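**Q** Sequence first, then the predicted structure, then my questions.
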Amino acid sequence: MKKSITIITILVMLLALSVVFTACGKCEHTYDNECDATCNECGETRQTVAHQWNAADCTTPKTCKTCGTTEGEALGHTPATDDGNCTTEVKCGACGETVIPAKAEHTLEKYVDNEDGMHCLGCLYCDYADTATAEAHNDYLDENCKCSVCGVEQHFLEWIDEGDCECSQCGEYIHNPDESCICTICSSTYHALNPITGICTGCNSFMAAASVTFGGSKSYYSTYCEALSFANEKEGVLMVIENDCVATELVYFENGSIIVDLNGKTVDSTGRYVLYGENADITIRDSVGGGKVTKYVGGDVNYNNLVIEGGIYDQIFTVEQTTITGGEFAKVSIAPREIVMISGGSFEEIEYNGDGTLADILTDGYCFYDKDGNIVDTSTIQANERGRYCLYNVTVGAIK
């Protein structure tokens, strides 16, 4: 019996020793790479060195020079400056490797404009032009002065009168602007405006006279009259004066509603009126300050509503319903049967030709102040020889 116990004890000890030898010293360790410190089989760690990285270059990502492990991606080639000639190769500016190989020869399969009244064959793949094949546009012009070979228009401009040029061949009114957008024929200024940015494609300057926002879309216009014509008969229009400009013709604003923001700019006119309304609602403001209208603002008897919130004016002719909350006025003329409410502004002259008194044109709680800050007693003002009541050098403010 004692012998059996001894044998069993020996067997147990041998089994324990086999487990120990299997766990320690008998594992065939595996690692991801030379720098990996932890065995993938048993988790035992070993002493290694950290990755020694070589920086990424055009074709190779960041790489450990000890174990070959990579991180990230190769940088890719950076082409050097292209000389615009397809028969010259383009190399990488970093490593010198060829990025775009050179073509054996130019592919002359298109016509290009030489900008000297001639066209010639040009390469499909680069800027090369074969001037030996040059021909004059004039030999290929159609009735619209367009070259049938290269598509360039070649006009023969003549000065007609101030500000106008005409092509003697096709009859089109057109200008020939130089780099400053001044016509070389008639000396007028002519800007080719990008309607999205308001920048002239010729001189690269912001030259918009006005912008119009309608229906969530904003467009720029080279003249005040073009902008107002587009806004005409539309509801909810915002027109912003972008540069000092001149109304060269009388453009009615009718059957719509518009806000005109002077935006600190000046609007002049070659005629009498800058803005004339018919059956319309017009609000004029000046979001920046210093904006000025040098001619008249007014309208006919069907001009529903005029609101002036700011700006500097030569003369205002009030309309069916006029509200003035601010601004500087050289003269305001008020006709009979017009409803006028004033609650702000300064006035060099107010001429009232209405059926009531001067007090009737003030909003409740407001009064006229003279230049010394005293309240003006309008009841003492008598009509002049033309039957009109006039006030001079007054401001309007709340009664204190």
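**A** Received, thanks. Numbers count the residues shown, from 1 in each chain.

**Q** what's around His137, how many residues?
**A** 22 (other C-beta atoms under 10 Å). Backbone N, C-alpha and C define where each C-beta goes, glycine included.

**Q** Report the distance from stretch 339-352 to the chain centre.
**A** Centroid separation for stretch 339-352 versus its chain: 38 Å, with C-alpha atoms, centre = their mean, to the nearest Å.

**Q** Quick one: residues in contact with it.
**A** Residues from elsewhere that reach stretch 339-352 (C-beta atoms under 8 Å, 6 or more residues apart in numbering): 308, 318, 320-334, 354, 358, 361-363, 366, 388-398.

**Q** can you rerun that using 7 Å?
**A** With C-beta atoms under 7 Å, 6 or more residues apart in numbering as the test, stretch 339-352 has contacts from 318, 320-334, 358, 361-363, 366, 388-397.

**Q** What subset of the residues you listed is buried?
**A** Buried by 16 or more other C-beta atoms under 10 Å: 318, 320, 322-327, 329, 331-334, 358, 361-363, 366, 389-391, 394-397, out of the contacts of stretch 339-352.

**Q** which ones among these are found in strands?
**A** 322-324, 329, 331-334, 366, 389-391, 394-397 (DSSP state E).

**Q** and the most centrally placed residue in the chain, what does it touch?
**A** Taking C-alpha atoms, centre = their mean, the centroid of the chain lies closest to Thr197, which sits 3.9 Å from it. With contacts defined as C-beta under 7 Å, 6+ apart, Thr197 is in contact with Tyr220.

**Q** and what of Glu242?
**A** By C-beta under 7 Å, 6+ apart, the neighbours of Glu242 are Gly198, Ala208, Ala209, Ala210, Ser211, Asn263.

**Q** do Asn33 as well
**A** Cys67, Gly68, Thr69.

**Q** and which of these is nearest Thr131?
**A** Ranked by distance to Thr131 (C-beta to C-beta), those are led by Gly68 at 56.4 Å.

**Q** does the residue nearest to that closest one when sequence neighbours are not counted sit in a helix or strand, and which one?
**A** The spatial neighbour of Gly68 that comes closest, neighbours along the chain excluded (C-beta to C-beta, 6 or more residues apart in numbering), is Asn33 at 6.9 Å. Following DSSP states H and E, there is no helix or strand that holds Asn33.

**Q** Give the helix, strand or coil label for Asp139.
**A** State at Asp139, reduced to three classes by DSSP: H, G, I helix; E, B strand; the rest coil: helix.

**Q** and what of the one 4 residues further on?
**A** Three-state secondary structure (criterion: three-state DSSP) places Glu143 in coil.

**Q** Equivalent analysis for Asp36, please.
**A** coil.

**Q** Now do the contacts for it.
**A** So Asp36 contacts Thr48 (C-beta under 7 Å, 6+ apart).

**Q** Now do it against Thr60, distance only.
**A** To Thr60, Asp36 is 21 Å away according to C-beta to C-beta, to the nearest Å.

**Q** Then Leu362?
**A** 83 Å.

**Q** Next, count neighbours for the nearest residue to Asn138 once chain neighbours are set aside.
**A** Nearest residue to Asn138, sequence neighbours excluded (C-beta to C-beta, 6+ apart): Gln154, at 6.4 Å. Neighbour count for Gln154, taken as other C-beta under 10 Å: 19.
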